[in-house]
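>>> Okay, sequence plus prediction incoming.
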Amino acid sequence: MRIFILVSLAMIAFAGNSVFARLGLGSSSSIDPASYTLIRLISGAVVLTIVVSWRNKSVTRITKGGNWVSALALFGYASAFSYAYVVLETGMGALILFTCVQAGMIAWGIFKGDRPIALEWLGLIIAFSAFVWLVSPGLQAPDPFAAFLMFVSGISWAVYSTRGKNTKDALNDPLGTTTGNFIMSIPFALILLIALFTQVNIDAYGAYMAIGSGILTSALGYAIWYMALPLISQTQAAIVQLTVPVIAGFGGVLFSSEIFTTRFAISATLILGGVAIAILAKSNRTKSKRAQ
């Protein structure tokens, strides 16, 4: 039961990032994307610092886990995410983000020598074909530039995640490293805000959405996820993340009065199903190699 609660809370939190962003950055224009990004990163950094300081009984080692390249990737994810959600609907944005994150990480694995088997390729082809259909021109297609921005956000997060899997500090202390990266990403967000200062527009509602995203669905979401990860396998971790776009879509329906279009429903089913096939096939391939 503890595992189920932790994983469920983490997935709701990850989906909640999309809900908060859409509420704060949507048609009401309660806050500009640069300000939203900065407030989200600062509030997330503050709460993560408190959590890690309480855990370590010290604040002296927090920034040592950070890395400027990873921090830049984190900023790239957060800023492009904010700008994309000015236009994209909640579920659509989450689905594009998730697809690009998975595609980026799989592509990196292939580049480094991983060789998928036929079933993995089948899953990837299904997912990629559905994604192309999702973003191709049509009455229900997302805005092309907003979709591109979410693509940038997803690739940035794939870079961030890949570096986390291959960095000793991140493997030994993922929460501490995340805290350091949040802190080190703030200067990038400040530079963006200064560069676009004439476009700054902040009201209380938009600021609250950014703070909610930073504290609840970013900082505490990551803290809960890192509590759950040691309790589940890598395959289980990958599979449960398939629920995030779906949860985000329901969040958009509940809080933003959005609707599930036929195009979104079919694309989501094919994309998430294809990725699930690829993940499970890779897991079986890895187990077979270890058994030999």
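Sure thing, it's come through. Numbering: from 1, shown residues only.

>>> So what's the residue count around Leu72?
By the criterion of other CB atoms under 10 Å, Leu72 has 18 neighbours. All C-beta spots, glycine's among them, are computed from the backbone N, C-alpha and C.

>>> Now it: closest residue in space that isn't a chain neighbour?
Phe188 (6.2 Å; CB to CB, 6 or more residues apart in numbering).

>>> check contacts around the one you found.
The contact partners of Phe188, by CB atoms under 8 Å, 6 or more residues apart in numbering, come to 71-72, 75, 79.

>>> can you tell me how far Met92 sits from Ser283?
As judged by CB to CB, to the nearest Å, Met92 and Ser283 stand 29 Å apart.

>>> So for those two, which residue has more residues nearby?
Met92 (34 against 16).

>>> Where does that one fall, secondary structure wise?
helix 90-111 (DSSP states H and E).

>>> same for that helix, what does it pack against?
Packing partners of helix 90-111 (3 or more CB pairs under 8 Å, 6 or more residues apart in numbering; DSSP states H and E): helix 2-25, helix 68-84, helix 118-135, helix 144-165, helix 243-256, helix 262-291.

>>> quick one, what contacts the closest residue in space to Tyr208 that isn't next to it in sequence?
Counting by CB to CB, 6+ apart, Tyr208 lies nearest to Gly24, which is 7.9 Å off, once chain neighbours are set aside. If you count contacts by CB under 8 Å, 6+ apart, Gly24 has them with 30-31, 36, 205-206, 208-210, 213.

>>> before we move on, what about Phe255?
Shown in contact with Phe255 (CB under 8 Å, 6+ apart): 19, 22-23, 90.

>>> repeat for Ser18
Contact analysis of Ser18 by CB under 8 Å, 6+ apart lists 85, 90-91, 93-94, 97, 248, 251-252.

>>> Next: Tyr85.
Counting by CB under 8 Å, 6+ apart, Tyr85 touches 18, 21-22, 25-26, 33, 93, 146.

>>> ok, it to Ile31 distance?
11 Å.

>>> Also Leu192?
Distance, Leu192 to Ile31, by CB to CB: 14 Å.

>>> who's more crowded, these two?
More crowded of Leu192 and Ile31, by other CB under 10 Å: Ile31, with 24 against 19.

>>> OK, contacts around the nearest residue to that one once chain neighbours are set aside?
Excluding the flanking residues, the one nearest Ile31 by CB to CB, 6+ apart is Gly206, at 2.6 Å. Residues counted as contacts of Gly206 (CB under 8 Å, 6+ apart) are 24-25, 30-31, 35-36.

>>> do that again at 10 Å, thanks
The neighbours of Gly206, taking CB atoms under 10 Å, 6 or more residues apart in numbering as the test, are 23-25, 28-32, 35-36, 39.

>>> Now list the buried members of those.
The neighbour-count test (16 or more other CB atoms under 10 Å) marks 23-25, 30-32, 35-36, 39 as buried among the contacts of Gly206.

>>> Which per-residue confidence value corresponds to Ile126?
Per-residue confidence at Ile126 stands at 92 (pLDDT).

>>> got it, and Lys289?
68.

>>> got any residues that touch both of Tyr85 and Ile31?
Going by CB under 10 Å, 6+ apart, residues that sit against Tyr85 and also against Ile31 are 24-25.

>>> Now list whatever residues contact both of Leu192 and Ile31.
37, 82.

>>> so where's the stretch 151-292 of the chain shaky on pLDDT?
Scanning the stretch 151-292 of the chain with the threshold set as pLDDT under 70 gives 166-171, 289-292.

>>> what sits against the closest residue to Gly26 other than its chain neighbours?
Of all residues not flanking Gly26 in the chain, Ser256 sits nearest, at 6.7 Å (CB to CB, 6+ apart). Counting by CB under 10 Å, 6+ apart, Ser256 makes contact with 19, 22-23, 26-27, 89-91.

>>> Ser218: which of those is nearest?
Using CB to CB, Val19 comes nearest to Ser218 of the contacts of Ser256, at 12.6 Å.

>>> my guess is the closest one meets Phe250, correct?
Yes - under the criterion of CB atoms under 10 Å, Val19 makes contact with Phe250 at 9.4 Å.

>>> okay, those two: which has more neighbours?
Ranked by neighbour count (other CB under 10 Å), Val19 and Phe250 place Val19 first, with 27 against 16.

>>> any idea of the pLDDT on the more buried one?
Here the pLDDT value assigned to Val19 is 95.
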